[in-house]
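Undergrad: What would the 3D arrangement of this be:
(chains A and B)
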Protein chains: 2
Amino acid sequence: MSAGTLSELAHRLGDALATVRPAAATEDSASSAPVESVATALLGFVSEPGDGVLGRLVGALGVGGAANALLEGRSGTVIAAQAADGLGPSDAPSAREVAAGLARWRPRLDEDAFARSIAQAARVGARLLLPGDADWPAGVDDLRAHAPLALWVRGRPSALTERPSLALVGARAATGYGEHVAVEAAAGLVDRGLAVVSGGAYGIDGTAHRAALAAAGTTVAFLAGGVDRFYPAGHETLLGRIVETGVVVSELACGAAPTRWRFLQRNRLIAASSHATVVLEAGMRSGSLNTAGHAAALGRPLGAVPGPVTSPASAGCHRLLREFDAVCVTNAAQMAELVASVAAGASVGGEDDGSGGAAEAALPRALEVLTSAERRVLDALGTRRARAIGELVRDTGLTPGAVMGALGALDATGLAARSGEGWVRRPPG
Amino acid sequence: MSAGTLSELAHRLGDALATVRPAAATEDSASSAPVESVATALLGFVSEPGDGVLGRLVGALGVGGAANALLEGRSGTVIAAQAADGLGPSDAPSAREVAAGLARWRPRLDEDAFARSIAQAARVGARLLLPGDADWPAGVDDLRAHAPLALWVRGRPSALTERPSLALVGARAATGYGEHVAVEAAAGLVDRGLAVVSGGAYGIDGTAHRAALAAAGTTVAFLAGGVDRFYPAGHETLLGRIVETGVVVSELACGAAPTRWRFLQRNRLIAASSHATVVLEAGMRSGSLNTAGHAAALGRPLGAVPGPVTSPASAGCHRLLREFDAVCVTNAAQMAELVASVAAGASVGGEDDGSGGAAEAALPRALEVLTSAERRVLDALGTRRARAIGELVRDTGLTPGAVMGALGALDATGLAARSGEGWVRRPPG
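TA: The predicted structure follows:
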């Protein structure tokens, strides 16, 4: 395909594109051209959330350049050389990284499937939010190379930015105690003019959303799959109600199913888009600790609600208090203070100290989910076709020993599994 | 009386003195002479715990010198001048302070009552422990001018020093949750070779002592009254059992009843004699927070056990976590780590940086019970005869405004009360 392809694609999408990206919504945007919108949506469609290689490629070539490089079938070596021209050799992805990236992205480069996804987005009333839009939550840009390229939103996008926000997250397996505290907290935060951000899950998340709605407040739900199909299914009504006054957000294209990896990456958006994060109940291995780790890595204030030391559902919160310097918060007023502490200091997403990966480097190791090798191996795995070790060595550029070590860790955390002679990403669950 | 009076007093006490202070027990002591023992016991008998004026006077004149000054009826001016010779004008108490002190001490200078107290101590098998004795808990010396002059002990004095110790304190109004955690904690601390120190009270204290005994461990109880009469009465059996394998300790002479002031001062001994302090359950105004404040002021590690944010019995613990940088501890292993952190660093009571009141200055204000003015006014109040404002102004050397402000605060915290035209110390409660 030629550089004209993006325009052709935009033309083919027609009304659907105009629906998800109406001219009125793009007035403030630097990426308002339909071609830019299509390129961004396409890159999101073919990649997994938080793909740092793609992020750096976009940083070097722009979304149009990166999408064209992919569409035109250039080799990893050629693309890497172009990226190095744009970005300098230290930040640009290597030829090997780009080649591995292309191996991940090209199999998903299906124009029909992409068009169906956009049509589906238009059908459910989803809109495509791009960096630079007035409603873009600037905090996510702190994720740098791992920042989302775009966000799919249903509801009122301004709910993302119109007021300071606090992420209230916790265990699916919440106790009556945790749910009671979540109700009080969410209602109290709404009273204080804050938006309540969470992950739409059962347990603490759902309770927080519900209590915010009951208090006629603003609430924001980040999903790990496309916004066309609400997950979990039992929260379809709840998420539908959030769309009416708040907003449901995902960086996944419509049609994309949630996976473990996507849940973990979704957590980074919850932490990055909010002014502060509070963990309300969390077991020792709860996904909420992953959200907390992202908040800490991004320098966002982190609070934890204590509970009985006899309750496993509070063990993760106590760990945050002991080991990660989380602030002990016992009510909405103390949670709101966390946000106030940010408002008084540097604004979220408003600064850039040029240190690049500093935020990531600061991620507490014990809470970080993946090493760089694990991330690369996971990136190279598919959910269907099993990959052999040799293949992974080639795709990742890691040594066989490093690949096997990473697979062991991914196996232990449930992100990858053996399948016949090779390895696959674990299916959603 | 003359300088010979102390010898005469020692002679009069006779066998009782030999019982509470047997020659064998004093081999390691610098204060082994009977006269020194009598002088120390006498000064303790006439003063309230933590009397800093007396502490500074003893620092300047020694126990014998201070006791003689009192016995011989010298004026405050003369004694202050002698003290300044010994200590220099900056540390020595002023003439006004000494005069106010004499006004507190002299009314209690009753030889018969003193002899009865010593006889009672001998009868119940109490012993007089002095600074420099092998079993003296060196940590209390960190209290400097407010350190105890002597300790009355019943049981096995070496229980005070033979192993590292942790103070486990908490609310009298403990919940089932708090008592459950106290049992687990005390048993686990004993398993780890630690002595469990507490205050012998109902609730957390008693539960901690009991669990330590049940685990065949060492436990130490500090009382706010004489060790001849166990308080609370409902813990007579428990404290009797502690005497069999551990030790019951007080700086009050036998016959002295517990008072609010003495409870607060007893708390400083719990904190100072232990390597670390853990508060297990405490309401927002619990006396345990006073113990915690002393621990923090002395630079001892301070832990707090979290609980449900819905439980008022845990509110004080959460406050310690939020505002006073207490370490969140959820089990005995984590509590033992607090002690290990001390053992790895400076030894308790083993250092002297010459900074004098630095420890006191570091006492978190919000947890500190009394300002210096409040302390002086309280020192000048009696439990029986009401004192008029004018009298208090004279005794304390404070302005009328300062005296009235202090009385207001003492009234609010229940330490003093109006009585007719004047003010009294609140009776024990």
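Undergrad: Enumerate the residues of chain A near chain B.
TA: Proximity of chain A to chain B (Cβ under 8 Å from any Cβ of the partner chain) is limited to residues A:177, A:180-181, A:305-310, A:314-315, A:318, A:321-322, A:327-331, A:334. The way it works is simple: take the backbone N, C-alpha and C, and place the C-beta from them, glycine included.
Undergrad: Among those residues, which lie within strands?
TA: A:V327, A:C328 (DSSP state E).
Undergrad: Give me the neighbour count for the residue in chain A that chain B sits nearest to.
TA: Minimum separation of chain A from chain B (Cβ to the nearest Cβ) falls at A:P306, amounting to 3.2 Å. By the criterion of other Cβ atoms under 10 Å in any protein chain shown, A:P306 has 28 neighbours.
Undergrad: Wait, A:E162 touches A:V220, no?
TA: No. Here A:E162 does not reach A:V220: they are 10.6 Å apart, not a contact under Cβ atoms under 8 Å.
Undergrad: Export the longest helix seen in chain A to CSV, keeping only CA atoms.
TA: Counting residues, the longest helix found in chain A (DSSP state H) is helix A:52-71. The C-alpha coordinates for helix A:52-71 follow below in CSV (Å, rounded to 0.1, in the frame of the first residue of the first chain):
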residue,chain,number,x,y,z
GLY,A,52,6.7,0.8,24.3
VAL,A,53,8.3,0.0,20.9
LEU,A,54,5.3,1.4,19.1
GLY,A,55,5.3,4.4,21.5
ARG,A,56,8.9,5.2,20.7
LEU,A,57,8.2,4.7,17.0
VAL,A,58,5.3,7.1,17.1
GLY,A,59,7.6,9.5,19.0
ALA,A,60,10.0,9.4,16.1
LEU,A,61,7.8,9.2,13.1
GLY,A,62,4.4,10.6,14.3
VAL,A,63,1.3,8.5,14.1
GLY,A,64,0.9,9.0,10.3
GLY,A,65,4.6,8.0,9.7
ALA,A,66,4.3,5.0,11.9
ALA,A,67,1.1,3.8,10.4
ASN,A,68,2.4,4.3,6.9
ALA,A,69,5.6,2.4,7.7
LEU,A,70,3.4,-0.5,8.9
LEU,A,71,1.0,-0.3,5.9
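Undergrad: Nearest spatial neighbour of A:E179, chain-adjacent residues omitted?
TA: A:T207 (4.7 Å; Cβ to Cβ, 6 or more residues apart in numbering or on different chains).
Undergrad: Quick check: that neighbour touching A:T175?
TA: No. Between A:T207 and A:T175 there is no contact under Cβ under 8 Å: 11.0 Å.
Undergrad: Could you name every residue contacting both of A:E162 and A:V220?
TA: A:A195 (Cβ atoms under 8 Å, 6 or more residues apart in numbering or on different chains).
Undergrad: Wait, A:G303 touches A:T277, no?
TA: Yes. Applying Cβ under 8 Å, one finds A:G303 in contact with A:T277, separated by 7.2 Å.
Undergrad: quick revisit: filter the residues of chain A next to chain B to the buried ones?
TA: Among these, those scoring as buried are A:177, A:181, A:305-309, A:314-315, A:318, A:321-322, A:327-330, A:334 (criterion: 16 or more other Cβ atoms under 10 Å in any protein chain shown).
Undergrad: So if I had to pick from A:E162 and A:V220, which one is more boxed in?
TA: A:V220 (29 against 12).
Undergrad: name the element the residue nearest to A:E179 belongs to?
TA: Per DSSP states H and E: A:T207 is located in helix A:204-214.
Undergrad: Identify each buried residue in that helix, please.
TA: Quick answer for helix A:204-214 (16+ other Cβ under 10 Å): A:I204, A:D205, A:G206, A:T207, A:A208, A:H209, A:R210, A:A211, A:A212, A:L213.
Undergrad: ok, residues contacting that helix?
TA: Against helix A:204-214 from outside (Cβ under 8 Å, 6+ apart): A:168-172, A:174, A:178-179, A:182-187, A:189-190, A:195-196, A:198-200, A:218-219, A:221, A:235, A:238, A:241-242, A:245-246, A:280-281, A:288.
Undergrad: Now for A:V196: which residues touch it?
TA: A:165-166, A:168, A:186, A:189-190, A:208-209, A:211-212, A:217-220.
Undergrad: can I see the domain layout of chain A?
TA: Following automatic domain parsing, one finds the domains of chain A at A:5-129, A:153-344, A:372-425.
Undergrad: I'd like to know which of those domains is closest to B:A145.
TA: The closest of the domains of chain A to B:A145 is domain A:153-344. By Cβ to Cβ, the value is 34.6 Å.
Undergrad: what about the closest one, distance to the chain center?
TA: Remark: domain A:153-344 is offset 14 Å from the chain centroid, using Cα atoms, centre = their mean, to the nearest Å.
Undergrad: same question, stretch A:52-65
TA: On Cα atoms, centre = their mean, the centre of stretch A:52-65 falls 17 Å from that of its chain.
Undergrad: circling back: pLDDT value on the residue of chain A closest to chain B, please?
TA: Looking at A:P306, its pLDDT is 98.
Undergrad: thinking it is in contact with A:G316, fair?
TA: No. A:P306 is beyond contact range of A:G316, at 11.2 Å (criterion: Cβ under 8 Å).
Undergrad: ok, and the helix or strand in chain A with the lowest average confidence?
TA: Taking mean pLDDT, DSSP states H and E as the measure, chain A has helix A:358-361 as its least confident helix or strand, at a mean of 34.
Undergrad: how about the strands in the stretch 151-300 of chain A?
TA: Taking DSSP state E, counting those that start in this stretch, the strands of the stretch 151-300 of chain A run over residues A:151-155, A:165-169, A:195-198, A:219-222, A:247-250, A:276-279.
Undergrad: Format those as CSV; extra columns: distance to B:L130.
TA: Shown next, in CSV, are those (distance: least, Cβ to Cβ, whole Å):
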stretch, distance to B:L130
strand A:151-155, 74
strand A:165-169, 58
strand A:195-198, 62
strand A:219-222, 67
strand A:247-250, 71
strand A:276-279, 52
